[in-house]
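J.: pasting the sequence and the predicted coordinates here, then a few questions.
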Amino acid sequence: MSSVNELLPSGDKMKKTLCWISEMLKTHPEKNRQQIISEAEIRFDLSPKECDFVDRKLRGDISGCD
């Protein structure tokens with residue numbers, strides 16, 4: 001059976017990823033969400049599970065980044 005740590009993405013890594021994506025959406029409105037997620041996948045070395053998490057998170061609001 002999997003441990004909880006294997007199921008949840010790293011909090012710090014996900015916060016950085018989501019904040020970066022939020023900033024990119026604000027500064028580059030010409031890019032669509034999938035383009036930005038693809039860039040984040042490479043930039044932050046995200047696993048497929050982490051990419052799925054990011055996609056689901058982006059369906060909501062990603063405010064609150066400092």
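T.: Structure's in. What do you need?
J.: for whatever helix or strand residue 37 lives in, packing partners?
T.: Following DSSP states H and E, one finds residue 37 within helix 33-43. Where contact means 3 or more C-beta pairs under 8 Å, 6 or more residues apart in numbering; DSSP states H and E, helix 33-43 is packed against helix 11-27, helix 48-58. (Each C-beta comes from the backbone N, C-alpha and C, glycine too.)
J.: tell me which residues in the first one are buried?
T.: For helix 11-27, the neighbour count (16 or more other C-beta atoms under 10 Å) marks 14, 17-18, 20-22, 24 as buried.
J.: can you check the last one too?
T.: For helix 48-58, a neighbour-count test (16+ other C-beta under 10 Å) marks 50-51, 53-54, 58 as buried.
J.: what does stretch 26-43 give?
T.: So for stretch 26-43, counting by 16+ other C-beta under 10 Å, buried means 36-37, 40-41.
J.: where is pLDDT lowest across those residues?
T.: Within the set of the buried residues of stretch 26-43, pLDDT is lowest for residue 37 (81).
J.: wait, that residue sits on residue 57?
T.: No. Look at residue 37 against residue 57 with C-beta atoms under 8 Å: they stay out of range, at 10.3 Å.
J.: need the buried residues of helix 11-27 in TSV (columns: pLDDT and distance to residue 45).
T.: Formatted as TSV, the buried residues of helix 11-27 follow (pLDDT from 0 to 100; distance: C-beta to C-beta, whole Å):
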residue	pLDDT	distance to residue 45
14	84	12
17	87	10
18	85	15
20	91	13
21	88	15
22	88	19
24	92	17
